[in-house]
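Visitor: build me a model:
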Amino acid sequence: MNNNDMMEKEEIFSKVLRAGRRTYFFDVRATKADDYYLTITESKKFTNDDGSFHYKKHKIYIYKEDFSEFKDILTEMTSYIIDEKGDEVISERHQKDFKKEYDDNSEETELKTPESFTDIDFDDI
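Guide: Model prediction:
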């Protein structure tokens, strides 16, 4: 089987969600036994100082035996977030006039940016 036949067999159905500098790819793929599973890939665009850019990708695999529990937990977690905080986006990135509430006891508070956190690659786990 040539490489094109493998790609056609492996990618059965796909959807793309573009969300700012992130893109999510939902792909139904086939196992060697010709059963199906889902991959979800987050691709995030980063711009270098020289104007060039690169992408970092994180991928998870979800198999049929886990679909029901995965769906239940995803629904529970997303419902919890919406119930607790509503569906309005509240962040420094999305609201230019966003003011972070600071603890009155601290004189200086360091703002954490996404770049200050350790980048974790799921392939490393």
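Visitor: so where is this protein shaky, pLDDT-wise?
Guide: Residues of the chain that meet the criterion pLDDT under 70 lie in 1-10, 92-125.
Visitor: ranges for the helices of it?
Guide: 3-10, 67-85 (DSSP state H).
Visitor: so which of the ones you listed is nearest S52?
Guide: Of all these, helix 3-10 sits nearest to S52, with 27.7 Å by Cβ to Cβ. In this view, the C-beta of every residue, glycine as well, is placed from N, C-alpha and C.
Visitor: thinking again about what came up before, adding distance to A33, write the helices of the chain out as a markdown table.
Guide: Below are the helices of the chain laid out as a markdown table (distance: least, Cβ to Cβ, whole Å):
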| stretch | distance to A33 |
| --- | --- |
| helix 3-10 | 12 |
| helix 67-85 | 17 |
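Visitor: okay if I get those as TSV plus mean neighbour count?
Guide: Shown next, in TSV, are the helices of the chain (neighbours: other Cβ atoms under 10 Å):
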stretch	mean neighbour count
helix 3-10	10
helix 67-85	10
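Visitor: closest one to R21 among these?
Guide: With Cβ to Cβ, the closest approach to R21 among the helices of the chain belongs to helix 67-85: 21.1 Å.
Visitor: L17 is nearest to which of the helices of the chain?
Guide: Among those, helix 67-85 sits nearest to L17 (Cβ to Cβ), with 14.2 Å.
Visitor: alpha carbons of the closest one, as PDB, please.
Guide: Output of helix 67-85 as PDB, limited to C-alpha atoms (Å, rounded to 0.1, in the frame of the first residue of the first chain):
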ATOM      1  CA  PHE A  67     -16.200   7.800  24.200                       C
ATOM      2  CA  SER A  68     -19.100   7.600  26.700                       C
ATOM      3  CA  GLU A  69     -17.100   8.600  29.800                       C
ATOM      4  CA  PHE A  70     -15.100  11.200  27.900                       C
ATOM      5  CA  LYS A  71     -18.300  12.800  26.600                       C
ATOM      6  CA  ASP A  72     -19.900  12.700  30.000                       C
ATOM      7  CA  ILE A  73     -16.900  14.400  31.700                       C
ATOM      8  CA  LEU A  74     -16.500  16.900  28.900                       C
ATOM      9  CA  THR A  75     -20.200  17.900  29.200                       C
ATOM     10  CA  GLU A  76     -20.000  18.100  33.000                       C
ATOM     11  CA  MET A  77     -16.900  20.200  32.900                       C
ATOM     12  CA  THR A  78     -18.100  22.600  30.200                       C
ATOM     13  CA  SER A  79     -21.500  23.000  32.000                       C
ATOM     14  CA  TYR A  80     -19.800  23.700  35.300                       C
ATOM     15  CA  ILE A  81     -17.700  26.500  33.700                       C
ATOM     16  CA  ILE A  82     -20.700  28.100  32.000                       C
ATOM     17  CA  ASP A  83     -22.800  27.700  35.100                       C
ATOM     18  CA  GLU A  84     -20.100  29.300  37.400                       C
ATOM     19  CA  LYS A  85     -18.800  32.000  35.000                       C
END
